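S.K.: Model the structure of this input:
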Amino acid sequence: MDWERIGEYFTMGLHHVLAGWDHLLFASALVLALTGFWEVFKVVGVFTIAHSITVTVTALHGDRVIPAKFVEPAIALSIIFVAVENILRKEFTLTKRRLIIAFLFGLIHGLGFGGALTDGLRGVTGSTLAWVIAAFCIGVEAGHLCVVAPLSGALKIGRDSWGNRFRLHALRWGSLAIALAGCYYLYAAIVSGGAE
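M.R.: This is a model prediction of the structure:
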């Protein structure tokens with residue numbers, strides 16, 4: 001087994017997320033609406049399963065399944081959608097609807113991740129291909145956890161210290177900021193034609 005190559009793909013996945021604020025904004029928008037560890041675990045788990053599916057499909061296909069000019073604006077729209085839903089939502093628990101949204105948008109984000117991965121897969125075959133895809137997906141999750149874990153912790157401290165008022169302000173103002181950032185990414189994706 002080529003551990004050096006596996007390490008490279010783990011680092012590639014980690015770097016892709018930490019350098020790509022669009023994915024972090026989406027994960028943050030999901031987490032802002034949650035109140036407990038298990039809710040975060042479930043929604044991040046569903047998102048992970050979904051994007052791992054489309055990363056794998058894209059990698060095995062050997063090229064982008066859907067062109068970036070469609071995927072990148074769709075990722076930006078997913079950020080805006082979840083952030084606006086946070087502002088408008090009436091229920092404050094994790095719902096089946098939110099899990100479905102996380103899964104469906106996870107499939108779209110996976111197309112973006114997969115597109116970033118395919119360029120580096122030239123000549124990788126067999127069991128090595130499976131290992132590098134897994135390493136890349138684990139790197140992506142490590143990148144998400146670098147933001148989701150501290151954000152979840154800070155939100156819990158705020159809720160414990162200042163109660164429901166803090167929760168509502170963090171949800172509304174944080175989601176508004178994320179929605180505006182999503183609008184910026186949508187504009188950038190349209191102007192650039194989806195180039196990463």
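S.K.: Number of residues surrounding the nearest residue to T11 once chain neighbours are set aside?
M.R.: Distances taken as Cβ to Cβ, 6 or more residues apart in numbering put G139 closest to T11, at 6.3 Å, once the chain neighbours are dropped. Glycine gets a C-beta too; all of them are placed from N, C-alpha and C. G139 has 24 neighbouring residues, counting by other Cβ atoms under 10 Å.
S.K.: give me the number of residues near G36?
M.R.: 13.
S.K.: hang on, the earlier thing: pLDDT at the residue nearest to T11, what is it?
M.R.: On the pLDDT scale, G139 is placed at 94.
S.K.: Same question for G194.
M.R.: Confidence score, pLDDT, at G194: 63.
S.K.: what helix or strand is G110 on?
M.R.: In this assignment (DSSP states H and E), G110 forms part of helix 96-118.
S.K.: quick revisit: could you check how far the residue nearest to T11 is from G20?
M.R.: 12 Å (Cβ to Cβ, to the nearest Å).
S.K.: Then W173?
M.R.: For W173 relative to G20 (Cβ to Cβ), the value is 23 Å.
S.K.: neighbour count winner among those two?
M.R.: Remark: of W173 and G20, G20 carries more neighbours, 19 against 12, as counted by other Cβ under 10 Å.
S.K.: Name all residues that make contact with that one.
M.R.: G20 makes contact with G112, according to Cβ atoms under 8 Å, 6 or more residues apart in numbering.
S.K.: Repeat that for L18.
M.R.: 24, 143, 146.
S.K.: Okay, and which of those map to helices?
M.R.: 24, 143, 146 (DSSP state H).
S.K.: Excluding chain neighbours, what is closest to the last one?
M.R.: The shortest distance from C146 to any non-neighbouring residue, by Cβ to Cβ, 6+ apart, is to L18 (6.5 Å).
S.K.: host element of the one you found?
M.R.: helix 3-19.
S.K.: And stretch 75-94, how far out from the chain middle?
M.R.: Relative to the chain's own centre, stretch 75-94 is displaced by 14 Å; criterion: Cα atoms, centre = their mean, to the nearest Å.
S.K.: in that stretch, what counts as buried?
M.R.: 75-86, 94 (16 or more other Cβ atoms under 10 Å).
S.K.: cool, and stretch 49-65?
M.R.: 50-56, 58-59, 64-65.
S.K.: any residues touching that stretch, and which ones?
M.R.: For stretch 49-65, the external contacting residues (Cβ under 8 Å, 6+ apart) are 71, 102-111, 113-115, 117-118, 121, 129, 133, 136-137, 140.
S.K.: which of those residues count as buried?
M.R.: 71, 102-103, 105-111, 113-115, 117-118, 121, 133, 136-137, 140.
S.K.: pLDDT averaged over stretch 175-188 - what is it?
M.R.: 97.
S.K.: Run the angle between the worst-scoring helix or strand of the chain on mean pLDDT and helix 96-118 for me.
M.R.: Taking mean pLDDT, DSSP states H and E as the measure, the chain has helix 3-19 as its least confident helix or strand, at a mean of 90. For helix 3-19 against helix 96-118, the angle by axes from the mean of the first three to the mean of the last three Cα atoms, to 10 degrees is 120 degrees.
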